[in-house]
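*Asks:* for reference, the sequence and a predicted model appear below.
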Amino acid sequence: MPKHHETRHLPYTPEQMFDLVADVARYPEFLPWVSAIRIRSNSETQMVADMIVGFKGLRETFTSKVEKQRPERVHVDYLDGPLKYLRNDWVFRPEGTGCAVDFTVDFAFKNRVFEMLAGQVFGVALRKMIGAFEERAAALYGSPSGSAADGISNSSAHNAA
């Protein structure tokens, strides 16, 4: 059961990062392995969406409920798909001229084979996904220091499998 918590310090406002994370419909444009999104319902505070994810010939659909608390938090609860459960939180805190982004994900697959595969590639996949969000932020908002990586040097991470 992969679990991960990480804090990134980014040169963007909490509002900017909230907007990026809450814009689920655009995930196929920049997130690896996300091939399509279908928004079932969407309001200022809640969304239900299907995400189609593909990796090495595997293709799965996940349905999740996204709770939005502008600009502090995005919380994702799993509704349906190949997982036993999924909890994902993004918390955005003002910090200097930017913000701290606390990211937590905790999930488990129903299928033990998928669970073993996920455990083998979890760290690499997570770094790639987090990097994709950072690159998207730099593309959308620019980087005051010239590089998105300049704003993330103080990060901490914790993995538990």
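*Replies:* Structure's in. What do you need? If you're wondering where the values come from, they're calculated on a predicted model, not measured in any experiment. Residues are numbered from 1 along each chain as shown.

*Asks:* any idea how far the residue lying closest to residue 45 once chain neighbours are set aside is from residue 56?
*Replies:* The shortest distance from residue 45 to any residue other than its chain neighbours is 5.5 Å, reached at residue 68 (CB to CB, 6 or more residues apart in numbering). C-beta: built from backbone N, CA, C; applies to glycine. Distance, residue 68 to residue 56, using CB to CB, to the nearest Å: 32 Å.

*Asks:* for residue 2, same thing?
*Replies:* Here the criterion is CB to CB. By it, residue 2 lies 18 Å from residue 56.

*Asks:* settle it for me: which of these two has more neighbours?
*Replies:* Higher neighbour count among residue 2 and residue 56: residue 2, with 19 against 8, using other CB atoms under 10 Å.

*Asks:* and the closest residue to the more buried one other than its chain neighbours, which of the three is it?
*Replies:* Leaving aside its chain neighbours, residue 2 sits nearest to residue 122 (4.5 Å; criterion: CB to CB, 6+ apart). Put simply, residue 122 is helix when judged by DSSP: H, G, I helix; E, B strand; the rest coil.

*Asks:* just residue 19 next, same as before
*Replies:* Following three-state DSSP, residue 19 is assigned to helix.

*Asks:* just list the residues touching the residue nearest to residue 45, thanks.
*Replies:* Residue 68 is in contact with 18, 22, 44, 45, 46, 47, 74, counting by CB atoms under 8 Å, 6 or more residues apart in numbering.

*Asks:* does residue 129 touch residue 31 like I think?
*Replies:* Yes - Residue 129 lies in contact with residue 31 (CB atoms under 8 Å); the separation is 6.4 Å.

*Asks:* coming back round to it: what mean pLDDT does whichever strand or helix holds the residue nearest to residue 45 get?
*Replies:* Element membership for residue 68, per DSSP states H and E: strand 58-69. Summarised as a single mean, pLDDT over strand 58-69 is 93.
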